[in-house]
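Asker: Please work out how this folds:
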Amino acid sequence: MPSSWIDGAPVVTSGTTHQVINPANGSTVAELALATATDVDAAVASARAALPGWKNATPAERSSVLAKLAELAQAHADEIAAEEVSQTGKPVRLATEFDVPGSIDNISFFAGAARHLEGKASAEYSGDHTSSIRREAVGVVATITPWNYPLQMAVWKVIPALAAGCSVVIKPAEITPLTTLTLARLATEAGLPDGVFNVVTGSGIDVGTALAGHSDVDVVTFTGSTAVGRRVMAAAAVHGHRTQLELGGKAPFVVFEDADLDAAIHGAVAGALINSGQDCTAATRAIVARNLYDDFVAGVAELMGKMVVGDPQDPDTDLGPLISAMHRDRVATMVADAPKEGGRVVTGGQIPELPGSFYLPTLIADVTESSEVYRNEIFGPVLVARPHDGDDDALRQANDTEYGLAASAWTRDVYRAQRASREINAGCVWINDHIPIISEMPHGGVGASGFGKDMSDYSFEEYLTIKHVMSDITGVAEKGWHRTIFTLR
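Answerer: Residues are numbered from 1 along each chain as shown. Here you go, the predicted model:
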């Protein structure tokens, strides 16, 4: 099948043959030839050629195309969900109730937002000139997306760029490209001009490197691991390209002494196990008041033990597989090493007797602050827990990380909640919840979690450049400031 979408049409490339594997059972979902650096050149050239027409389209014209895309995505929602489940192994409930409807809502949001790109009002700041601000499309956008949320990440990166008037070349993860290719096809059906939205499916080493370091793109956006994100930024820096990076996370889940314990237990399990824990905003470090700690650990372990692990196509399944056997084994190794550093595996910690790359929901208690499972991203269905001794200690532990993507604080005290929201260093702090997102609000981190925003009007800043237009209003040939340069004698 075609691995790429270039200049408004599917393209069968000449690269290495690659199989998309269903991680729930090891079956082959699709077989395609990967793109090459030559295909990247073709896609970027297509995007560059299409840019002027799309950039100069009226906001209403761009809005109309995106609104039609949202309609088509809704009409094909079942097909899109099936593709997402088959290539990622995520439970069908998550795909049909979270990934797909959330992505469609995001497209609809930007269809409206495309008509509200405002600049600063005109005014005479110098007295002799009228100044105004134009917000213009930055140009060709190169974007690289991960395998954990293929559809959502494509939407988060591509749609605001299109709404802003940019053209796009996206490289999805080669192990999960199907819904990105479907999105591109539907965009063309919606009336998006050829070349505005291009897809090149290939490896990160070859195609990702070629795209991030391409001389003819204007901005590079990336979602993925911190290590790879730094390499992407280095490649983009060669040509001075702007970058936007949404990277790893190690989200603290802070439970204060007055928290609703039952709510915190349910929130911790939901926040830790979403998408089998393969989520950079997932709750990973439970930092719990000592007076609640034992009951919290017992409650989380009990609820995790009730999770249904199995076939992601079954609506009763709660937890699907990890993306691959290799990734599952990496998670298993980190959990197995935890007791060597003082951690106590309370529940889980095992590979179940199931086909595919499954791993049981796992809680590790009593971890030390220096342990690997506490400090490093596991990216699996694993929550670690340790106690804290008061608010100062809780907030210190929450910020004791290089990451800063997301966090949550659990308390009934409004002043404690306000302090936590101020002092926790993260791009998002939830109060008495963990995970919900909404199209109108931004997503992005600080520190090793990257910079810039996805979703919301704030994401437009990644895809727009600011132009100051200054017009003389005097009609005078000899300006007063000319005397700083020359005088007429």
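Asker: For the rest of this, base every contact and every neighbour count on C-alpha atoms.
Answerer: Noted.
Asker: Which residue ranges of the stretch 1-150 of the chain form strands?
Answerer: 4-6, 9-11, 17-21, 28-33, 129-137, 140-144 (DSSP state E, counting those that start in this stretch).
Asker: beta partners for Ile144?
Answerer: Beta-bridge partners for Ile144, by DSSP bridges, are Lys171, Phe222.
Asker: and it, how many neighbours does it have?
Answerer: Neighbour count for Ile144, taken as other CA atoms under 10 Å: 28.
Asker: pretty sure it contacts Ile170?
Answerer: Yes: here Ile144 reaches Ile170: they are 5.8 Å apart, a contact under CA atoms under 8 Å.
Asker: Give the burial count for the residue nearest to Tyr125 when sequence neighbours are not counted, as a bare number.
Answerer: Counting by CA to CA, 6 or more residues apart in numbering, the nearest residue to Tyr125 once its immediate chain neighbours are dropped is Ser131, at 6.8 Å. Neighbourhood size, Ser131 [other CA under 10 Å]: 18.
Asker: tell me the pLDDT at Ser131?
Answerer: Ser131 is assigned 93 on the pLDDT scale.
Asker: swap in Gly127?
Answerer: Confidence score, pLDDT, at Gly127: 89.
Asker: follow-up on the earlier one: as TSV, the strands of the stretch 1-150 of the chain with distance to Ser370 would be great.
Answerer: Listed next are the strands of the stretch 1-150 of the chain as TSV, based on distance: least, CA to CA, whole Å:
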stretch	distance to Ser370
strand 4-6	44
strand 9-11	49
strand 17-21	36
strand 28-33	41
strand 129-137	45
strand 140-144	32
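Asker: Who are the contact partners of Tyr403?
Answerer: 248-251, 426, 445-449 (CA atoms under 8 Å, 6 or more residues apart in numbering).
Asker: Tell me which of these fall in helices.
Answerer: Applying DSSP state H to the contacts of Tyr403, no entry is found in helices.
Asker: So Val254 belongs to a strand, correct?
Answerer: Yes: membership of Val254 in a strand is supported by DSSP: H, G, I helix; E, B strand; the rest coil.
Asker: Would you agree the residue nearest to Tyr125 is in contact with Ile473?
Answerer: No: the criterion here is CA under 8 Å, and Ser131 misses it with Ile473 at 10.2 Å.
Asker: Now tabulate the contacts of Tyr403 in TSV and tack on distance to Ser459.
Answerer: Putting the contacts of Tyr403 into TSV (distance: CA to CA, whole Å) gives the following:
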residue	distance to Ser459
Gly248	19
Gly249	20
Lys250	23
Ala251	22
Ala426	17
Gly445	13
Val446	15
Gly447	18
Ala448	19
Ser449	16
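Asker: Select only the buried ones of these in ChimeraX?
Answerer: With 16 or more other CA atoms under 10 Å as the criterion, this ChimeraX line picks the buried residues out of these:
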select :248,249,250,251,426,445,446,447,448,449
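Asker: so the longest helix anywhere in the chain versus strand 129-137, what angle?
Answerer: Selection of the longest helix in the chain by residue count, based on DSSP H, yields helix 37-55. Interaxial angle, helix 37-55 versus strand 129-137 (axes from the mean of the first three to the mean of the last three CA atoms, to 10 degrees): 140 degrees.
Asker: Going by contacts, tell me the helices and strands next to helix 37-55.
Answerer: Judged by 3 or more CA pairs under 8 Å, 6 or more residues apart in numbering; DSSP states H and E, helix 37-55 is in contact with strand 4-6, strand 140-144, strand 167-171, strand 197-200, helix 209-212.
Asker: go again using 7 Å as the cut-off
Answerer: Under the contact criterion of 3 or more CA pairs under 7 Å, 6 or more residues apart in numbering; DSSP states H and E, helix 37-55 touches strand 167-171, helix 209-212.
Asker: now the helices for the stretch 301-450 of the chain?
Answerer: 325-337, 372-375, 391-398, 414-423 (DSSP state H, counting those that start in this stretch).
Asker: Now distance to Thr317 too, for these, in JSON lines please.
Answerer: Formatted as JSON lines, the helices of the stretch 301-450 of the chain follow (distance: least, CA to CA, whole Å):
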{"stretch": "helix 325-337", "distance to Thr317": "18"}
{"stretch": "helix 372-375", "distance to Thr317": "27"}
{"stretch": "helix 391-398", "distance to Thr317": "32"}
{"stretch": "helix 414-423", "distance to Thr317": "34"}
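Asker: among the ones you listed, which is the most enclosed?
Answerer: helix 372-375 (a mean of 20; mean count of other CA atoms under 10 Å).
Asker: neighbouring contacts of that helix?
Answerer: Identification of contacts with helix 372-375 by CA atoms under 7 Å, 6 or more residues apart in numbering yields 285, 334, 338, 367, 384, 401.
Asker: wait, what's in contact with Phe110?
Answerer: Neighbours of Phe110 in contact, by CA under 7 Å, 6+ apart: 159-160, 163.
Asker: would you list the residues you listed in JSON lines and tack on pLDDT, secondary structure and distance to Leu354?
Answerer: Output for the contacts of Phe110, formatted as JSON lines (pLDDT from 0 to 100; DSSP: H, G, I helix; E, B strand; the rest coil; distance: CA to CA, whole Å):
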{"residue": "Ile159", "pLDDT": "98", "secondary structure": "helix", "distance to Leu354": "38"}
{"residue": "Pro160", "pLDDT": "98", "secondary structure": "helix", "distance to Leu354": "40"}
{"residue": "Ala163", "pLDDT": "98", "secondary structure": "helix", "distance to Leu354": "44"}
